[in-house]
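A.B. asks: could you work out the structure for the sequence below:
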Amino acid sequence: MRPGPRNLITDIDGLYVGNAEHHGIKTGVTVLVGDKPFVASVDVMGGSPGTRETDLLDPDRMVESIDALVLAGGSAFGLDAASGVVDGLVKKGRGFTIGPATIPIVPAAIIFDLINGGDKSWGENPYREMGAQALENAGVDFALGTAGAGTGALTAGLKGGLGSASLLLESGVTVGALIAANPTGTVTMGDGPHFWANSFEIDAEFGGLGAPADRISQAQAAMTKRHLVDDFGPSNTAIAIVATDAKLTKAQAKRMAVAAQDGIARAISPSHTPVDGDLVFAVSTGARPLGDPIVDAIDIGHAAAVCLSRAVARSVYLASAAPGDVMPSWRQKFAAG
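C.D. replies: As a prediction, the model looks like this:
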């Protein structure tokens, strides 16, 4: 397996990602859209998710394909970003048609970034407009780190961010991942620069540091934001999308999402806590038929988890410092010299 040409989820033909952000508020929105509707499902493992229209992604629900997915900051306010995306898709004539009505199907998930040092004294909810702008910005190339839904993200001790990665499988299938990483736990080992995801790194994509020479204690591994800053409340959740061009049913996409959760657990310690809203959407564009449905499904699930671990590390590695930050960026803390 090797990364695609961009090492982004958009290495899957027909998928596009758009970002919009407000650096004064320290928040943003990321939209995944296809050139046509796509099959999708979701798996939720965090204890505090914030979502919109995720129930219809269960395999037993009627809707077989959706029009876009939204990752947003803003906690409950951020769910309104999907309304801006819906408005934009209607203007493009996209959506589920019932008689004269066109209804875009746009599930969404949010991170909690309301106490990250940004100015949250808006007079009107800004997320609907950011959602519409992110849709307009959608393309095959997009920024990582302090961008889109990762603009105001934090981890335990470091800034979080938006990350993405891809893999080309020997079968010809492409798998990719996209994440807004804002977890309670750590992405690096203890107080050092080494990433938990180091075993899955390709071509020094997040610094090429490998594993540290000394062992990291379990106490260090379990550090969280509230251990580090006594007056800093919970600001949690890793929300992700994994995607493939393999032709999957909703049930198979669900299993892909379940497998990809391992990627979060391998890259963030602790993960899936009661105060995190960790979830993974899974997307299939259906361009490539499966060969062996069992073997290929195993390979795709494994690749999704590997991509997601790498995307987590890239989100933190590529984050940039900004005025008013309450946490340093990885580069600020470890690459200043």
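A.B. asks: strands along the stretch 101-250 of the chain, start to end?
C.D. replies: Taking DSSP state E, counting those that start in this stretch as the test, the strands found in the stretch 101-250 of the chain are 101-103, 108-110, 161-168, 174-181, 238-246.
A.B. asks: ok now the first one, how far from the chain's centre?
C.D. replies: Right, the one you point to is strand 101-103. Averaging C-alpha positions (CA atoms, centre = their mean, to the nearest Å) puts strand 101-103 28 Å from its chain's average.
A.B. asks: with the fourth one instead?
C.D. replies: On the basis of CA atoms, centre = their mean, strand 174-181 is displaced by 6 Å from the centre of the chain it belongs to.
A.B. asks: quick one: it to strand 238-246, angle?
C.D. replies: 170 degrees (axes from the mean of the first three to the mean of the last three CA atoms, to 10 degrees).
A.B. asks: rewinding a little: so which of the strands of the stretch 101-250 of the chain gets nearest residue 334?
C.D. replies: strand 161-168 (14.8 Å; CB to CB). Yep, even glycine has a C-beta here, placed from its N, CA and C like the rest.
A.B. asks: and the angle for that closest one with strand 238-246?
C.D. replies: Using the same axes, to 10 degrees: strand 161-168 against strand 238-246 is 20 degrees.
A.B. asks: for strand 161-168, packing partners?
C.D. replies: If contacts are counted by 3 or more CB pairs under 8 Å, 6 or more residues apart in numbering; DSSP states H and E, strand 161-168 sits against strand 174-181, helix 293-317.
A.B. asks: just name the most buried of these.
C.D. replies: The highest mean neighbour count among the helices and strands packed on strand 161-168, using mean count of other CB atoms under 10 Å, belongs to strand 174-181: a mean of 32.
A.B. asks: pull the helix or strand with minimum mean pLDDT from the chain.
C.D. replies: helix 225-228 (a mean of 53; mean pLDDT, DSSP states H and E).
A.B. asks: circling back: let's have the helices and strands packed on strand 161-168 in TSV, adding mean pLDDT and distance to residue 26.
C.D. replies: Output for those, formatted as TSV (pLDDT from 0 to 100; distance: least, CB to CB, whole Å):
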stretch	mean pLDDT	distance to residue 26
strand 174-181	98	13
helix 293-317	96	15
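A.B. asks: got the ones you listed as TSV, with distance to residue 252 columns?
C.D. replies: Shown next, in TSV, are the helices and strands packed on strand 161-168 (distance: least, CB to CB, whole Å):
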stretch	distance to residue 252
strand 174-181	13
helix 293-317	6
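A.B. asks: show me the beta-bridge partners of the residue most central in space within the chain.
C.D. replies: Taking CA atoms, centre = their mean, the centroid of the chain lies closest to residue 179, which sits 1.7 Å from it. Assessed by DSSP bridges, residue 179 has beta-bridge partners residue 163, residue 240.
A.B. asks: how about residue 139?
C.D. replies: residue 17.
A.B. asks: pretty sure it sits against residue 15.
C.D. replies: No: if you go by CB atoms under 8 Å, residue 139 and residue 15 don't touch, sitting 10.4 Å apart.
A.B. asks: which of the two has more residues huddled nearby?
C.D. replies: Taking other CB atoms under 10 Å, residue 139 and residue 15 do not tie; residue 15 has more neighbours (25 against 11).
A.B. asks: grab the nearest non-local neighbour of the more buried one.
C.D. replies: residue 34 (5.5 Å; CB to CB, 6 or more residues apart in numbering).
A.B. asks: a helix runs through that neighbour, doesn't it?
C.D. replies: No: counting by DSSP: H, G, I helix; E, B strand; the rest coil, residue 34 falls outside a helix, being strand.
A.B. asks: that one touches residue 17, doesn't it?
C.D. replies: No: judged on CB under 8 Å, residue 34 makes no contact with residue 17 at a distance of 10.6 Å.
A.B. asks: between the two, who's got more neighbours?
C.D. replies: residue 17 (27 against 22).
A.B. asks: show me the contacts for that one.
C.D. replies: By CB atoms under 8 Å, 6 or more residues apart in numbering, the contact set of residue 17 is 8-10, 30-33, 138-140, 142, 148, 164, 178.
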